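Colleague: sequence and computational prediction follow.
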Amino acid sequence: MRVNNIKREFNKGLWEVNPLMRQLLGMCSTLAITTTVMNAIFMGLGVMFVLICSAFFVSLIRKIVPQEVRIAVYAVIIATFVTIVDIFFKAKFPLVSKALGPYVPLIIVNCIILGRCEGFSSRNSILVSVLDGLGMGLGYSWVILVLAILREILGSGKLLGISILPNSYNPLIVMVLPAGAFLILGLLLAIMNSIDIKRKG
Amino acid sequence: MIKNIKIVAVLTFTCLLCAFLLSLVNILARDETEKNQRREIEEAIFNLSPLTKRIEKFILDNDNVYRLLDQDNKLVGYGFIAQGNGYQGTIKILVVANQSLDELEGIEIIESSETPGLGGRIKEGLFKDQFKKLKVQPQIECIKDGTKKANQIQSITSATISSKAVVNIVNQKIKEIRDNINNESK
């Protein structure tokens, strides 16, 4: 029972209540940075790190934080880890950091993270909260990765910066523009919904 | 009353802990970040001034100034960082100028936080490239339309403040550097 429960808390972020496809949270960064796969990988890692760390700390201090200031405390914790990610990227991966631009610091206001802190970690034990964060982080990552792979291939004929389509392929410029992100996201949502409908029979 | 004290205590403690963590990470990463920035600046200089083969850094009145030398070690220009307020925050610009500091080789925006899509476009070629071979004497001017003179650039539509900020920052710094270099050679 307990093991099943733990498994469920981890799994739910991947599909059932996927932060992007089911809760439709954090759309801004998702649409903006999925033009290249490299960006998506680093964004996914960054968000996952912040989700896990903030879930751990919010859960750790959930019993001593007064109700009145909980959001402020969460915001400070989230901002700290996001800034750590930002500094780390700047030091170790300057090119990625440049490409992601303001979207790394903007993870601070990503509602997925505040949503998980307020809605889950502040009420659950540390282990379950961290698993929830990991699951949500992976759920976020796979969706932006799929978006980025499709957009990079269709929009520039490349994958991870390497040309994979023949030169005769005429890139669909719309795919690297915001409109392309909406199109792919809509299609993905439709696919996921139809899978769910089939499953339920 | 006790409740209030608890609120203040928790907030203070969280902030202290977070500030400590952040400064720790910052110290650990500082060397690396500075190295990256230096590399970025040097690459930008080589791009803007193709004659440059070697860069020599020296300190001039608290500023880092780069002396640009060609293959015969002859001075071909100067590079320096100009910094000032934009519309939303500090704009940091690399300025590369010729050896007499009256004409720009070009500029590169190193750091800015202008509105994306509006002032943020100061980073784009269309705006930035106007500074290539631009005359700085008597000073750079920002115009909205009409024909540009040798010392004029056209501002970005709906981002006049950002455009003007870049021009003012460059104008001010280049004058400062010019005066300092003249003083030193006297």
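Modeller: It's in.
Colleague: quick one: name the residues of chain B near chain A.
Modeller: Applying Cβ under 8 Å from any Cβ of the partner chain, we find that chain B lies next to chain A at B:3, B:6-7, B:10-11, B:14-15, B:18, B:21-22, B:25-26, B:29, B:32-33, B:36, B:40, B:113, B:116. Just so you know, the C-beta spots here come from the backbone N, C-alpha and C atoms, and that holds for glycine as well.
Colleague: what's the least confident helix or strand in chain B by mean pLDDT packed up against?
Modeller: Lowest by mean pLDDT, DSSP states H and E among the helices and strands of chain B is strand B:54-60, with a mean of 81. In terms of contacts (3 or more Cβ pairs under 8 Å, 6 or more residues apart in numbering or on different chains; DSSP states H and E), strand B:54-60 is packed against strand B:63-69, helix B:160-185.
Colleague: looking at these, which is nearest to residue A:54?
Modeller: Among these, the nearest to residue A:54 by Cβ to Cβ is helix B:160-185 (34.2 Å).
Colleague: residues of that closest one that come out buried?
Modeller: For helix B:160-185, burial by neighbour count (16 or more other Cβ atoms under 10 Å in any protein chain shown) applies to B:161-163, B:165-171, B:173-174, B:177-178, B:181.
Colleague: helices or strands up against that helix?
Modeller: On a contact count with 3+ Cβ pairs under 8 Å, 6+ apart, helix B:160-185 meets strand B:54-60, strand B:63-69, strand B:75-85, strand B:90-98, strand B:104-111, strand B:141-143.
Colleague: the shortest one pairs with which strands?
Modeller: Strand B:141-143 has these partner strands in its sheet, going by DSSP bridges: strand B:152-154 (parallel).
Colleague: distance from the chain centre to the partner strand, please.
Modeller: How far strand B:152-154 lies from its chain's middle: 18 Å, per Cα atoms, centre = their mean, to the nearest Å.
Colleague: and the contacts of it?
Modeller: Residues from elsewhere that reach strand B:152-154 (Cβ atoms under 8 Å, 6 or more residues apart in numbering or on different chains): B:127, B:130-131, B:134, B:140-145, B:148, B:163, B:167.
Colleague: lowest pLDDT pick from these?
Modeller: Looking at these by pLDDT, the weakest one is residue B:148, with 78.
Colleague: skip the chain neighbours and tell me the closest residue to that one.
Modeller: Nearest residue to residue B:148 in three dimensions, chain neighbours excluded: residue B:154, at 6.1 Å (Cβ to Cβ, 6 or more residues apart in numbering or on different chains).
Colleague: so where's chain A shaky on pLDDT?
Modeller: Scanning chain A with the threshold set as pLDDT under 70 gives A:1.
Colleague: now do the helices in chain A.
Modeller: For chain A, the helices defined by DSSP state H cover A:2-11, A:27-33, A:37-60, A:70-92, A:94-100, A:111-119, A:126-156, A:178-200.
Colleague: could the ones you listed go into TSV alongside mean neighbour count?
Modeller: Shown next, in TSV, are the helices of chain A (neighbours: other Cβ atoms under 10 Å in any protein chain shown):
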stretch	mean neighbour count
helix A:2-11	13
helix A:27-33	20
helix A:37-60	22
helix A:70-92	20
helix A:94-100	17
helix A:111-119	20
helix A:126-156	22
helix A:178-200	13
